[in-house]
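Student: When you get a sec, could you give me coordinates for this:
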Amino acid sequence: MAKRRSNNEGSIWQRQDGRWTGAAYVRTTSGTFKRTYIYGRTRDDVHAQLVQLQDKSARGIPQPTSAWKVGEYLDYWLAEVAKPMVRPTTYAKYEVMVRLYLRPGLGRHRLDRLSVATVQAYLNGRLHGGDSPAKVHEIRMVLGAALTRAMREELIQRNVARLATLPSAPTARRQPWSPAEARQFFHAARSDSLYPAFVLLLVYGMRRGEVLGLGWREVDLETSVLRIRQQLLRTGNNLRLGPVKTAAGRRELPLLGIARDALHHQEDMQILGGPATDWTRHELVFTTRTGYPVELATLDGPSAASLTRPGFGRSACMTCATPRQPCSRPLASRRAMPWRSSGTRGSRSPWRSTPPPTTPAAAMQSPG
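Tutor: Presented below is the predicted three-dimensional model:
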């Protein structure tokens, strides 16, 4: 008489079409046990898969209740995981990568059967199709982030995106400006309405969003300190204020003479340019004539392009708006910038009552 099988031992039988089927109750991601079926051409194949499935269940690794497609899981990951956790700008980048590249290229594959070879072939295809290595690295990064979440949810056992290889993305070496080039730029930009913003960009190496998101509350004239706490962000069709990108981005900068005078001049221009209710609507240092935040692209627009001068080789704003190190030597050095505000600490700049120098750039030159 055949020995009776124990509970949860599983069953194996042959179907009428000749294929073999195995079934066993295993733990699922919903926390319950569910009868799961396995199919194969031979009894040995089905037995090996059944043993592996039961072993995972015994070790506490649950079986997914449904077979996710990669595209379906990416949509779930965007809505339920990424959107509540990351910055709006980061989410917008993730959404574009999923919508334009990952879902069309890999969305039809089953999540639990996605292989390294499949991902590698897809990434290689993007490279051969003309995408830059940096762009393909971004695509793999987003896919890897989603698959890491799938691993935490015990839907897959490994992150195949992390195992795919890509050539290194070339990094452009930026050449910082010298103090002489910085003075040349200030001379070219002195009549531009965004001149005070260019001063902060170049003197401190601030980000565009940090400059255009700077509020008057963060400008402390009493202690000569500039506090960086927020930045202006674009998410979709909207401009919004948000925290700086990293914890290290929350910093305090000394309010140098050239920056102090530029900020005083900017305040004067706001007061003279329109009613106080306009420019104080958002309490920002840099606003439009109606008091709204300045578009980030304005620092790369026609106004900036018009500042191009021989020797710069490209738009001045494109050069000064991106580096974190503003120039090869600090502009605040004595030789590079001996010009200082003549006002005392906490006092108004002499720009309040007297005209500014012919050009700050000329005043920044070393004394003879």
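Student: wouldn't Thr288 be in contact with Val294 here?
Tutor: Yes: counting by Cβ atoms under 8 Å, Thr288 touches Val294, with 6.0 Å between them. Placement of C-beta: from N, CA and C, glycine included.
Student: In terms of neighbours, single out the busier of these two.
Tutor: Higher neighbour count among Thr288 and Val294: Val294, with 21 against 15, using other Cβ atoms under 10 Å.
Student: for the more buried one, what are its contacts?
Tutor: Residues near Val294 by Cβ atoms under 8 Å, 6 or more residues apart in numbering: Leu194, Ala197, Leu212, Leu232, Phe286, Thr287, Thr288.
Student: Show me these that map onto strands.
Tutor: Assigned to strands by DSSP state E, the following of the contacts of Val294 qualify: Leu232.
Student: Of the contacts of Val294, which is the nearest to Ser30?
Tutor: Checking those against Ser30 by Cβ to Cβ gives Leu232 as the nearest, at 44.0 Å.
Student: Could you list everything the closest one pairs with in the sheet?
Tutor: Leu241 (DSSP bridges).
Student: so who does it touch?
Tutor: Each residue near Leu232 by Cβ under 8 Å, 6+ apart is listed here: Arg208, Gly209, Leu212, Gly213, Leu239, Arg240, Leu241, Pro293, Val294, Leu296.
Student: how near is the residue nearest the centre of the chain to Glu138?
Tutor: For the chain, the residue nearest the mean C-alpha position is Thr90 (4.8 Å; Cα atoms, centre = their mean). According to Cβ to Cβ, to the nearest Å, Thr90 stands 11 Å off from Glu138.
Student: Number of residues surrounding the closest residue to Gly31 other than its chain neighbours?
Tutor: Of all residues not flanking Gly31 in the chain, Pro62 sits nearest, at 7.8 Å (Cβ to Cβ, 6 or more residues apart in numbering). Pro62 has 19 neighbours, counted by other Cβ under 10 Å.
Student: got a list of what Pro62 touches?
Tutor: With Cβ under 8 Å, 6+ apart, Pro62 has these contacts: Val26, Arg27, Thr28, Thr29, Gly31, Glu154.
Student: Could you dump those residues into TSV with pLDDT, distance to Tyr73 and secondary structure added?
Tutor: Putting these into TSV (pLDDT from 0 to 100; distance: Cβ to Cβ, whole Å; DSSP: H, G, I helix; E, B strand; the rest coil) gives the following:
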residue	pLDDT	distance to Tyr73	secondary structure
Val26	85	21	strand
Arg27	80	20	strand
Thr28	78	16	strand
Thr29	67	13	coil
Gly31	74	20	coil
Glu154	79	13	coil
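Student: just the buried members of those?
Tutor: Buried residues within these, counting neighbours by 16 or more other Cβ atoms under 10 Å: Val26, Arg27, Thr28, Glu154.
Student: how about the closest residue to the last one other than its chain neighbours, phi and psi?
Tutor: Spelled out, that is Glu154. Spatial nearest neighbour of Glu154, chain neighbours left out: Pro62 (5.4 Å); criterion: Cβ to Cβ, 6+ apart. Main-chain torsions, Pro62, degrees, to the nearest 10: phi -80, psi 160.
Student: Same check on Gln63?
Tutor: The phi/psi pair for Gln63 (degrees, to the nearest 10) is phi -100, psi 130.
Student: Equivalent analysis for Trp13, please.
Tutor: Main-chain torsions, Trp13, degrees, to the nearest 10: phi -150, psi 160.
Student: That one and Val294, how far apart?
Tutor: For Trp13, the distance to Val294 (Cβ to Cβ) stands at 72 Å.
Student: cool, and Thr32?
Tutor: 56 Å.
Student: quick one: the strands in the stretch 201-350 of the chain?
Tutor: In the stretch 201-350 of the chain, the strands defined using DSSP state E, counting those that start in this stretch lie at 219-220, 225-228, 230-235, 238-243, 251-254.
Student: Show me what the shortest one is packed against.
Tutor: I take that to be strand 219-220. Where contact means 3 or more Cβ pairs under 8 Å, 6 or more residues apart in numbering; DSSP states H and E, strand 219-220 is packed against strand 225-228.
Student: what pairs with the strand it packs on, and is each one parallel or antiparallel?
Tutor: Going by DSSP bridges, the partners of strand 225-228 are strand 219-220 (antiparallel), strand 251-254 (antiparallel).
Student: I am finished for the moment; much appreciated.
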